[in-house]
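**Student:** how would this look folded up:
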Amino acid sequence: MELTQPAVAVIFDLGGVLIDWNPRYLYRKLFPGDETAMEKFLTEVCSQEWNSKQDAGRPFSEAIDELVARHPDQKALIRAWVERWPETIGGPIVATVKVLEELKEEGYPLFALSNWSAETFHYARQRFEFLAWFNEIVISGEVKMAKPHRQIFEFTLERIGRQAGQCLFIDDTEKNISAARQLGFQTLYFQSAELLRSELCRLGILPLSSTH
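**Tutor:** Numbering: from 1, shown residues only. Prediction:
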């Protein structure tokens, strides 16, 4: 991609970009030595589709009750999703946090736009000090709309007071990148911190002499 105008604001996704979130960190403890059973559970019970509804604002109490009614024999495993949620966080993606710090040092306004439940994001706020570097964080579960729907992108632009073309959006999900691009955002598809820094240097956002 080429920048069509200066990117005066940089918008980061969080999970998979700056924060290593994966329910397998928890469920490997609950399915010791049985990856097949764990994957079956995460596909058929606590699935990505099921969790995405919490990201869009559905209360976990409602979500858990729904699953327990359908899978009563798995009640403890289902409830663990909420009761032991902090164990689904592996930690910060350190190399990307360093890129974020470089952008902060360069003076770019920083924002975050993440699909995340309003009921669990406070754990991340408590744990990761770098979240305080953002001027604004838009959490899907708090605003009850989620990526890749255009409404959350439009909401974010209004919240941060920018036009789409003034924003560089960084995300690790291609459908989110595609949706943002269609709305006029400048975009970078995140694959690794090293590639991200290389692209930011190539685009003139970070100096080529960056040695962080």
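**Student:** so Leu188, which of the three states?
**Tutor:** Each residue gets one of three states, and Leu188 gets strand by DSSP: H, G, I helix; E, B strand; the rest coil.
**Student:** and it, what's its pLDDT?
**Tutor:** For Leu188, the model assigns a pLDDT of 97.
**Student:** what sits against the residue lying closest to Asp13 once chain neighbours are set aside?
**Tutor:** Closest residue in space to Asp13, ignoring its immediate chain neighbours: Asp171 at 4.1 Å, by Cβ to Cβ, 6 or more residues apart in numbering. No exception for glycine: its C-beta is placed from N, CA and C like everyone else's. Shown in contact with Asp171 (Cβ atoms under 8 Å, 6 or more residues apart in numbering): 13, 17, 147, 177, 180, 187, 189-190.
**Student:** format those as JSON lines; extra columns: neighbour count and distance to Arg24.
**Tutor:** Output for those, formatted as JSON lines (neighbours: other Cβ atoms under 10 Å; distance: Cβ to Cβ, whole Å):
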{"residue": "Asp13", "neighbour count": "22", "distance to Arg24": "19"}
{"residue": "Val17", "neighbour count": "22", "distance to Arg24": "18"}
{"residue": "Lys147", "neighbour count": "26", "distance to Arg24": "22"}
{"residue": "Ile177", "neighbour count": "21", "distance to Arg24": "24"}
{"residue": "Ala180", "neighbour count": "25", "distance to Arg24": "28"}
{"residue": "Thr187", "neighbour count": "20", "distance to Arg24": "28"}
{"residue": "Tyr189", "neighbour count": "18", "distance to Arg24": "23"}
{"residue": "Phe190", "neighbour count": "21", "distance to Arg24": "20"}
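**Student:** does Thr173 touch Ala146 like I think?
**Tutor:** No - if you go by Cβ atoms under 8 Å, Thr173 and Ala146 don't touch, sitting 11.2 Å apart.
**Student:** higher neighbour count, these two?
**Tutor:** Using other Cβ atoms under 10 Å as the criterion, Thr173 and Ala146 rank with Ala146 on top: 21 against 17.
**Student:** Arg150 reaches Ala180, doesn't it?
**Tutor:** No - Arg150 is beyond contact range of Ala180, at 9.1 Å (criterion: Cβ under 8 Å).
**Student:** distance check, the residue lying farthest from the centre of the chain against Trp116.
**Tutor:** In the chain, Asp73 marks the outermost C-alpha relative to the chain mean, sitting 31.3 Å out by Cα atoms, centre = their mean. Per Cβ to Cβ, to the nearest Å, Asp73 is found 29 Å from Trp116.
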